[in-house]
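**Q** Could you work out the structure for the sequence below:
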Amino acid sequence: MSSLKERDPEKYARLMAEAKAPYRGLRQFIYVAFGASGFIGGMVFLAQMLAGRNVEAALPNFALQVGVVALMIGLYRWEQRSKRKSRP
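**A** Below is the predicted model of the structure:
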């Protein structure tokens, strides 16, 4: 009986990549979704500040949204770098 590595090397490589970094695709989706949410929130708070409505409350919220977007970009890039390093 032949092994999976011999029968279907492409499937074997995909399974080995998933075993080395489980849920990579899910993590990347979460980074993109949270980053998009932070970007939309940031635009809302930026619009409030530009309109001059409740600037004292909008400024810290805007800063938080910018931080969320920056964090998600950083995590996504880190994930991409580790993906490139794990390739043979």
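**Q** other SSEs contacting the host helix or strand of S37?
**A** Element membership of S37, judged by DSSP states H and E, is helix 24-51. Applying 3 or more CB pairs under 8 Å, 6 or more residues apart in numbering; DSSP states H and E, we find helix 24-51 packed against helix 55-86. The C-beta positions use only the backbone N, C-alpha and C, and glycine is treated the same way.
**Q** if I look at the most centrally placed residue in the chain, how far off is Q65?
**A** By CA atoms, centre = their mean, the mean C-alpha position of the chain lies nearest to Y31, the distance being 2.2 Å. If you measure Y31 against Q65 using CB to CB, to the nearest Å, the figure is 15 Å.
**Q** swap in S3?
**A** With CB to CB as the criterion, S3 and Q65 are 50 Å apart.
**Q** These two: which is more packed in?
**A** Q65 (20 against 8; other CB atoms under 10 Å).
**Q** and the residue nearest to that one when sequence neighbours are not counted, what is it in contact with?
**A** Of all residues not flanking Q65 in the chain, G42 sits nearest, at 3.7 Å (CB to CB, 6 or more residues apart in numbering). Shown in contact with G42 (CB atoms under 8 Å, 6 or more residues apart in numbering): 62, 65-66, 69.
**Q** where in this structure is pLDDT low?
**A** Per-residue confidence for the chain (pLDDT under 70) gives these ranges: 1, 86-88.
**Q** Not counting its neighbours along the chain, what's nearest S82?
**A** A21 is the one closest to S82 (CB to CB, 6+ apart), at 7.0 Å.
**Q** for the one you found, phi and psi?
**A** A21 adopts backbone torsions of phi -140, psi 80, taken as degrees, to the nearest 10.
**Q** and if you look at R53?
**A** Given degrees, to the nearest 10, the pair of backbone angles that R53 has is phi -100, psi 120.
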